[in-house]
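Undergrad: Would you be able to build a 3D model of this:
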Amino acid sequence: MDEHSELAGATLQRRPGSGTDGAPGPRFQADVRRSRHGVTFVRVQGDLDAAAAPELDRMLTVACGENGSPHVVLDLEHVHSAAAEVVDVLLHAEARLSAAGGGLQLLAPSPAVVLMMHGAG
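TA: Purely as a prediction, here's the structure:
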């Protein structure tokens, strides 16, 4: 069974663009899908700079909210740059998911994410 037959459908998508206040919006895109097996799959593309960290946190919170799964796979293969603030977002998401009996798994982190994770340690 391939990934697409496994996924139930997109539930949230945020594309780069302008924010509601006219300021530049996030420079990343995230697609959230839930599998029939209770796993939420989040694919992030673009730049995760310091300004993007709160938006990523909000998106992960919404994706894993009431109807979400405590088991999340976060695909970071297409992240072009990542700021240290993103580490805090990932740690908070892991703590929330662990408390709900699940966890956060990073899938295919890009070189930018690997550098960010090593720099945070």
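Undergrad: Which parts of stretch 85-102 count as buried, going by neighbours?
TA: With burial defined by 16 or more other C-beta atoms under 10 Å, the residues of stretch 85-102 counted as buried are 85, 86, 87, 89, 90, 93, 94, 96, 97, 102. For glycine as for every other residue, the C-beta is placed from the backbone atoms N, C-alpha and C.
Undergrad: Dump the longest strand anywhere in the chain to PDB, restricted to CA.
TA: The longest strand of the chain (DSSP state E) is strand 71-82. Output in PDB follows, covering the C-alpha atoms of strand 71-82 (Å, rounded to 0.1, in the frame of the first residue of the first chain):
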ATOM      1  CA  HIS A  71       0.900   9.900  16.600                       C
ATOM      2  CA  VAL A  72       2.500  12.500  14.200                       C
ATOM      3  CA  VAL A  73       5.000  12.000  11.500                       C
ATOM      4  CA  LEU A  74       6.600  15.300  10.500                       C
ATOM      5  CA  ASP A  75       8.200  15.200   7.000                       C
ATOM      6  CA  LEU A  76      11.000  17.900   6.900                       C
ATOM      7  CA  GLU A  77      12.700  16.800   3.700                       C
ATOM      8  CA  HIS A  78      11.800  20.000   1.800                       C
ATOM      9  CA  VAL A  79      12.700  22.600   4.500                       C
ATOM     10  CA  HIS A  80      15.200  25.000   3.000                       C
ATOM     11  CA  SER A  81      16.200  26.700   6.200                       C
ATOM     12  CA  ALA A  82      15.400  26.300   9.900                       C
END
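Undergrad: just checking, next helix/strand downstream of that strand?
TA: helix 85-99 (DSSP states H and E).
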